[in-house]
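Student: I would like to see how this sequence folds:
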Amino acid sequence: GLVGSGKALVLRDGKEYAGRWERSSASGGTSFTDDEGNGISFARGPVWVALAPEP
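Tutor: Below you'll find the predicted structure:
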């Protein structure tokens, strides 16, 4: 699994939420936080994650 951290853009309910993602181990979960360090929540249901290199 992917381990590390980086920029994130969460799209939910027609809005964009800029922040960061972090995953410290392959067996752990991934956390998504906004620029102030608060958790970004996801809507119920399927979640799609797209990984893209920074330009």
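
Student: now do the helices in the protein.
Tutor: Using DSSP state H, no helices are found in the chain.

Student: buried ones in stretch 24-32?
Tutor: Phe32 (16 or more other Cβ atoms under 10 Å). For every residue, glycine as well, the C-beta is placed using N, CA and C.

Student: what is the burial count for Gly14?
Tutor: Using other Cβ atoms under 10 Å, Gly14 has 5 other residues around it.

Student: measure it to Ala43 for me?
Tutor: Applying Cβ to Cβ, to the nearest Å, the value for Gly14 to Ala43 is 11 Å.

Student: can you tell me the closest non-neighbouring residue to Gly39?
Tutor: Counting by Cβ to Cβ, 6 or more residues apart in numbering, Thr33 is the residue found nearest to Gly39 once chain neighbours are left out, at 5.9 Å.

Student: tell me the contacts of the one you found?
Tutor: Thr33 is in contact with 19-20, 22, 39-40, counting by Cβ atoms under 8 Å, 6 or more residues apart in numbering.

Student: are any of those buried, and which?
Tutor: Counted by 16+ other Cβ under 10 Å, the contacts of Thr33 give 19, 40 as buried.

Student: what's the closest of the contacts of Thr33 to Gly4?
Tutor: Glu22 (7.7 Å; Cβ to Cβ).

Student: from Arg23, how far out is the residue nearest to Gly39?
Tutor: In terms of Cβ to Cβ, Thr33 sits 12 Å off from Arg23.

Student: next: Glu54.
Tutor: From Glu54 over to Arg23 the distance is 17 Å, taken as Cβ to Cβ.
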